[in-house]
Structures are given as structure tokens and as C-alpha cells.
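In: kindly generate the corresponding structure for this input.
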Amino acid sequence: LESVVRVGDATGTGDRARAIVDKARVRLRAVTAAVGDRPRPRVFALEWSDPPFNGGHWVPEMIERAGGEPVLANPGTDSVRVTWDEIAAAAPDVIVFMPCGYGVEQAATEAAPLLERPELEDISAFFAVDATSFFSRPGPRLVDGVEILAAALHPDAVPSRADDVVRRLR
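Out: I've put the predicted structure just below:
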């Protein structure tokens, strides 16, 4: 969010940038308050499936803010290749499939065969999301991504989102 302010200052639109950031912070605080006292499911962000890559960069922080505990994650660094056995050993409660550059429809299609993998049979929830719009690119829309995750992880605390941004597959 600070980058938005810096770009705004550099382009002579600092006041507008600060207003956008202020609204984003209010939304993030609302999500944090809504999920703050709830159990934190163990969440694995699957950024790619063949070969599997974990979520890095800002994605682990998004999971934390949404009320989850990121597992097998690389906060603040590049996503890395992992194995299906490593994913199973991490014992996530939830997998969120967020293939870079994919909308929810294509992600859901790509995820379908993954549901049959024996290493993932104990995963209680599996979601596909619109990664290209809300997870893969840094910017204000990451706040939408946090809200999408929070609604998926804690549907009784955060209003659900439309099927065109997140789809529960299991």
C-alpha cells in the first residue's frame, strides 16, 4: 500500500493515492476484526500445479490477514517448487489454487484432476480463485484477495464472494 502512495506522489496524485490506501486499510482492519478470534485453518497456496509451486511474495501475509495459517509458504520471497509429498506432509486443512495468470474458470478446470491426487485426499477444502485479478499482481486489488480468502476460510464471519472470483471444489 505504501507503494501506491509513492506512485501517487511521483505522479502528482498523492491525495487520491492516500484516499485509496486509507479505504484499503479500513477494509483490511474490518477483515482482521471479523476473523480475529476464529480458529486459523492451515492453508496451502498452490500457485502452480505441474510442477507444484507454493505461494510466495505477499500471498502468505494475505492468508494470515484472512484468518489462516500459511503452510509451506515463502513470505517475502519467490515462490518455489515443492513436491506433492511435501504438500501432504505439511497437512493443510485448505488448499487455495491460484495459478498465476488464470481466472477462476480456468483455475477450476486445471484443478479438477488435482482433486484425484492421493496426496490430497485428506484435504477438507479446496478452492480455485481468480489469481490474475486478486493474487498474482501487487496493488490495491490484493485487498480484494484478502476479503476473498477470508470469505472462503470463514464464511460465517465474512460475506461470501461470487463464483466468478472463487469456487469451492471440495
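In: for P51, which non-adjacent residue is closest in space?
Out: Closest residue in space to P51, ignoring its immediate chain neighbours: R81 at 5.3 Å, by CB to CB, 6 or more residues apart in numbering. To be clear about C-beta, it is placed using only N, CA and C from the backbone, and glycine gets the same treatment.
In: what's the weakest-modelled helix or strand in the protein?
Out: strand 74-75 (a mean of 89; mean pLDDT, DSSP states H and E).
In: longest helix in the protein, please.
Out: In the chain, with assignment by DSSP state H, the single longest helix is helix 14-35.
In: and that one, which residues are buried?
Out: A17, I20, V21, A24, L28, V31, A34, V35 (16 or more other CB atoms under 10 Å).
In: for that helix, which helices and strands make contact with it?
Out: Contacts defined by 3 or more CB pairs under 8 Å, 6 or more residues apart in numbering; DSSP states H and E place helix 14-35 against helix 2-10, helix 59-65, helix 141-153.
In: what pLDDT, on average, does the next helix or strand after the last one get?
Out: This means helix 141-153. Sequence-wise, the next helix or strand downstream of helix 141-153 (DSSP states H and E) is strand 166-168. Mean per-residue pLDDT for strand 166-168: 94.
In: got the buried residues for strand 166-168?
Out: For strand 166-168, the neighbour count (16+ other CB under 10 Å) marks V166, R167 as buried.
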